Structures are given as structure tokens and as C-alpha cells.
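A.B. asks: heads up, no residue letters with this:
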Ligand SMILES: C[S@@+](CC[C@H](N)C(=O)[O-])C[C@H]1O[C@@H](n2cnc3c(N)ncnc32)[C@H](O)[C@@H]1O
């Protein structure tokens, strides 16, 4: 077997991206416009977008809730699966760029709600909103709180996807990983869901030292 090196992993990732996703002018335009407006380059990758879009398709998602819009890149992947996206963003500049990008991409009906997620999520629950899939991609320290609201906002059989769950545990260090209040401890005690933690690797983040290893938490609401 070949030795695993950054360049070999990079080839695997770029080949899969070319073969399975291909070039997409609209998505590239979204990233370029976000960069022009000075948004940080922290959107999901194209393969990750495809993965989330497939997941939305698998749960026949008509309504997707996203926590953390940035420039609306991941929101477009959900729209491609045929879902209507509601996305929460705390930064008004990010919200404005996302709306511009979504309009340019011809995404109809996407809703970008400006506000702190922990204010907006209870409001959506009080309005009786229900989603097929919730994608959590905002501040890592609050993942467990977002998850708790996500369960209340997701239909039975729907899915919750918490991005960067592995990195957030790694950042917490050994004591943080095993503490009772951690994301996996709280989700593990939660009888409303079944969940798994899925570690991933991406050489796109090889330069960020440990960040090339990450992973997500996926749960299904019972
Ligand atoms: C990693 S980016 C989201 C990337 C986006 N999902 C994508 O892949 O295109 C995280 C976003 O969450 C937003 N955010 C951070 N804290 C938040 C909060 N408390 N409530 C709502 N949004 C928040 C940030 O402003 C940032 O735009």
C-alpha cells in the first residue's frame, strides 16, 4: 500500500471533486463574490456540499434549517436538493452578501434570518416551524445548545448534522472531551435521537496543523 502523504490525499480529494462534482460557475461566482466582500474563506468544500445535498435528498428534505449562513454557499447546495432553506446569520454583512449570492444563483424562497441563533431558534420553535434537516455550522462552543433546539425543530425521521464536531472536541482538550456537558455526552443522553460521530480528513486544511482532521455528528430524530 502507498504511504499516505499530503500530496496523495490531495490527489484523492481533487480527483473526487473533479469526477463527482465538476466545475460549477454559479458556485464559483458565490465564492468569488464572498471573497470580494472580504468574507472569510470558511465555507464547506464542494465535496462536502455534494455530501450535504445528497443527505437532504435522502431524507426528502423540503425544508432545511441552517445555523451559520456566511455567503450562502452551503445554502445553495441544499437548494439544489430541492429544499427551501431557512438560514440564520448573526453578521449583517454576511447576510447581505448571502442574499446577493442567492439572488444571483437564482435560488428562490431562501430566507436568511439576521440574529443570534440562540435568539432565533426559540422564535422559530414558538412559531411552530418544522424542518426535515438542520445543519449546524456556527460557533463551536454552542453546538450542544444549537443541537437541543434543532431536535425540537426537526420532524421525526429528520436529520441533524453538526459540522466540525471533532475539531470542537479536539479544541476542548482531554478534560473537555470527556466532560458531561460535551456535545457527544449530551447527545448520547438524549432519548429523542440516535447519533454517530463521523471523523473525516481533508488536505484542504493541511496547513492549519491539526485541522485537516475533523468530522461531523449526525443524528436522526426518533
Ligand atoms: C463557518 S461559517 C458558515 C459557513 C456556511 N455554512 C457555508 O458553508 O457556506 C459560520 C457562520 O456562522 C455565523 N455565526 C457565528 N456565530 C453565530 C451565532 N451565534 N448566530 C448566528 N450565526 C452565527 C458567522 O458569522 C459565520 O458567517
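C.D. replies: That came through, no problem. Here the structure is a predicted model, which means the values were calculated and not measured.
A.B. asks: where does this structure have low pLDDT?
C.D. replies: For the chain, applying pLDDT under 70 flags the ranges 204-211.
A.B. asks: can you give me the strands for it?
C.D. replies: Ranges of strands within the chain are 63-67, 84-89, 111-114, 131-136, 154-162, 193-201, 213-221, based on DSSP state E.
A.B. asks: want to try CSV for the ones you listed, with mean neighbour count as columns?
C.D. replies: To be clear about C-beta, it is placed using only N, CA and C from the backbone, and glycine gets the same treatment. Rendered in CSV, the data for the strands of the chain read as follows (neighbours: other C-beta atoms under 10 Å):
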stretch, mean neighbour count
strand 63-67, 27
strand 84-89, 24
strand 111-114, 17
strand 131-136, 26
strand 154-162, 20
strand 193-201, 14
strand 213-221, 20
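A.B. asks: nearest to the ligand, of these?
C.D. replies: Each of the strands of the chain was checked against the ligand via C-beta to the nearest ligand atom, and the shortest separation belongs to strand 84-89, namely 4.9 Å.
A.B. asks: name the residues of the protein found near the ligand, please.
C.D. replies: For the chain, the residues in contact with the ligand under the definition C-beta under 6 Å from any ligand atom are 42-44, 68-70, 73-74, 88-91, 94, 116-117, 137-139.
A.B. asks: related to what we said a few turns ago, got the strands of the chain as TSV, with distance to residue 125 columns?
C.D. replies: What follows is the strands of the chain, written out as TSV (distance: least, C-beta to C-beta, whole Å):
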stretch	distance to residue 125
strand 63-67	11
strand 84-89	12
strand 111-114	13
strand 131-136	11
strand 154-162	11
strand 193-201	16
strand 213-221	14
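A.B. asks: return the members of the residues of the chain next to the ligand classed as buried.
C.D. replies: 43-44, 68-70, 73-74, 88-90, 94, 117, 137-139 (16 or more other C-beta atoms under 10 Å).
A.B. asks: and which of the residues you listed is nearest residue 18?
C.D. replies: residue 44 (17.4 Å; C-beta to C-beta).
A.B. asks: give the contact list for the closest residue to the closest one other than its chain neighbours.
C.D. replies: If the residues on either side of it in the chain are set aside, residue 44 comes closest to residue 74, at 5.0 Å by C-beta to C-beta, 6 or more residues apart in numbering. Contacts for residue 74 (C-beta atoms under 8 Å, 6 or more residues apart in numbering) come out as 43-44, 49, 52, 66, 135, 137.
A.B. asks: just the ones in helices from the residues you listed, please.
C.D. replies: Among these, DSSP state H puts 49, 52 in helices.
A.B. asks: which one is residue 179 nearest to, not counting chain neighbours?
C.D. replies: Among residues not flanking residue 179 along the chain, residue 185 sits closest, at 6.9 Å (C-beta to C-beta, 6+ apart).
A.B. asks: with residue 219 instead?
C.D. replies: Take residue 219 and drop its neighbours on the chain: the residue closest to it by C-beta to C-beta, 6+ apart is residue 195, 3.7 Å away.
A.B. asks: sorry, back to before: in TSV, list the contacts of residue 74 along with distance to residue 17.
C.D. replies: Written out in TSV, the entries for the contacts of residue 74 read as follows (distance: C-beta to C-beta, whole Å):
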residue	distance to residue 17
43	14
44	12
49	10
52	15
66	22
135	20
137	20
